[in-house]
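# Show me how the following folds:
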Amino acid sequence: MKILGEVLEIFSATKESSGLPRPKVESLNLIKNYGIEFDKFAQKHLDQTVMIVGLKSYELAKEFNIDLEFGSLGENILLDFDPHDFKVAECFKIDEAIIQITQICTVCNHLSIFNENLPKILKGHRGVYCKIIESGKILKNMKVKEV
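Predicted structure coming up:
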């Protein structure tokens with residue numbers, strides 16, 4: 001399997017957290033047909049249970065002088081490559097976990113709390129939603145492979 005890149009940071013919408021940016025976590029336990037363990041969005045919208053974002057999305061915001069803290073885009077996994085270079089239905093393997101792209105993330109107006117122009121700037125480049133095909137634990141610095 002070809003290595004595409006690696007996990008830079010991981011985040012979870014814990015029950016104690018509210019809004020953006022999402023808090024960093026030590027690990028993500030992805031559970032098939034459930035979602036992310038301890039995430040407040042688990043068991044809801046299983047086709048959108050994991051959101052992945054590439055560093056390029058933050059760099060795009062920076063080009064417009066918008067400096068965002070990682071986790072601000074609502075991602076669970078921040079990657080060092082752009083997931084938008086892949087198509088819906090393509091899969092990534094991170095250790096034992098396999099996730100499949102289900103849709104391009106729509107840009108919600110929640111992002112305007114950082115800058116009113118951010119939703120327009122990131123339209124089509126905020127990130128992608130994935131569903132969990134195989135369960136597994138995700139840690140920072142793990143390699144992401146093409147399936």
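# any residues touching the longest helix seen in the chain, and which ones?
Ranked by number of residues, the top helix in the chain under DSSP state H is helix 55-63. Under the contact criterion CB atoms under 8 Å, 6 or more residues apart in numbering, helix 55-63 has outside partners 8, 67-68, 70, 73, 78-82, 84, 115, 118, 121-122, 125-127. To be clear about C-beta, it is placed using only N, CA and C from the backbone, and glycine gets the same treatment.
# Which residues are in contact with the residue nearest in space to the middle of the chain?
Using CA atoms, centre = their mean, the residue of the chain that lies closest to the mean C-alpha position is I52, 2.1 Å off. Contact analysis of I52 by CB under 8 Å, 6+ apart lists E75, N76, I77, L78, L79, P83, F92, I99, G127, V128, C130.
# at 10 Å what do you get?
By CB atoms under 10 Å, 6 or more residues apart in numbering, I52 lies in contact with 7, 75-79, 83, 86, 92, 94, 99, 101, 105, 127-130, 144.
# Next step: those restricted to helices.
Among the contacts of I52, no member lies in helices (by DSSP H).
# Any buried residues in the host helix or strand of L30, and which?
L30 belongs to strand 27-31 when elements are defined using DSSP states H and E. By 16 or more other CB atoms under 10 Å, the buried positions in strand 27-31 come out as L28, N29, L30, I31.
# Could you export those as a markdown table, including pLDDT?
As requested, the buried residues of strand 27-31 are exported to a markdown table (pLDDT from 0 to 100):
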| residue | pLDDT |
| --- | --- |
| L28 | 98 |
| N29 | 98 |
| L30 | 98 |
| I31 | 98 |
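# Need the max-distance pair from those residues.
L28 and I31 (10.0 Å; CB to CB).
# For the two, list the residues in contact with both.
E37, D39, A97, G136, K137.
# Mind picking the lowest-pLDDT entry from those residues?
Lowest pLDDT within the shared contacts of L28 and I31 is found at D39 (92).
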